[in-house]
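In: using only what follows, build the 3D model:
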Amino acid sequence: MKYEFTVELKNVWHREKKVVLPKPNATTWNLRKSLLLAHQINKYMEDNNIKSLHEISKRLDVSRARITQIMQLLLLAPDIQQEAILSDNSKIQKLTERKVRRIAMVAIWDKQKSLWVHLNSTSKVM
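Out: The predicted structure follows:
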């Protein structure tokens, strides 16, 4: 005995898995983590052909404003980024992303570097 029948299949679209962004708190959210996160988001956007911060903010379930703040760290001079990520200096490790935002908004890297040196010389170690 043999049965034959036709089944009509529909395309099923599954929602993409959201990436969980760690929630910042005063003791752990420093410049290094924010900068590394900015690089990870940038890589994720390139790998997944994401064109806008609006789209990435939806996927990460984070406000567009917060994503913009994090991504603006990529505007820092490469020397500053490298020092922020790799330095063992306790002053630099304790810098918050908030303190560096103004530096990232300066377009001239030499000016950024002088502001960075000034910030590091005036920062207090807790």
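
In: from here on, just use CA atoms for contacts and neighbour counts.
Out: Will do.

In: how about the helix or strand of the chain with the lowest mean pLDDT, which residues are buried there?
Out: Across the helices and strands of the chain, mean pLDDT, DSSP states H and E gives its lowest value to helix 90-93, namely a mean of 86. If you call a residue buried by 16 or more other CA atoms under 10 Å, then helix 90-93 has these buried ones: 91-93.

In: distance from it to the middle of the chain?
Out: Shown here is helix 90-93, whose average C-alpha point lies 19 Å from the average C-alpha point of the whole chain (CA atoms, centre = their mean, to the nearest Å).

In: dump it to CSV, restricted to CA.
Out: These are the backbone C-alpha positions of helix 90-93, laid out as CSV (Å, rounded to 0.1, in the frame of the first residue of the first chain):
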residue,chain,number,x,y,z
SER,A,90,46.0,51.8,37.5
LYS,A,91,44.9,55.4,36.6
ILE,A,92,44.0,54.3,33.1
GLN,A,93,42.3,51.1,34.2
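
In: which other helices and strands does it contact?
Out: Where contact means 3 or more CA pairs under 8 Å, 6 or more residues apart in numbering; DSSP states H and E, helix 90-93 is not packed against any helix or strand.

In: number of nearby residues for residue 30?
Out: Burial of residue 30, expressed as a neighbour count using other CA atoms under 10 Å, amounts to 20.

In: count of neighbours near the residue nearest to it when sequence neighbours are not counted?
Out: Counting by CA to CA, 6 or more residues apart in numbering, the nearest residue to residue 30 once its immediate chain neighbours are dropped is residue 96, at 4.4 Å. Each residue near residue 96 was counted by other CA under 10 Å, and the total is 18.
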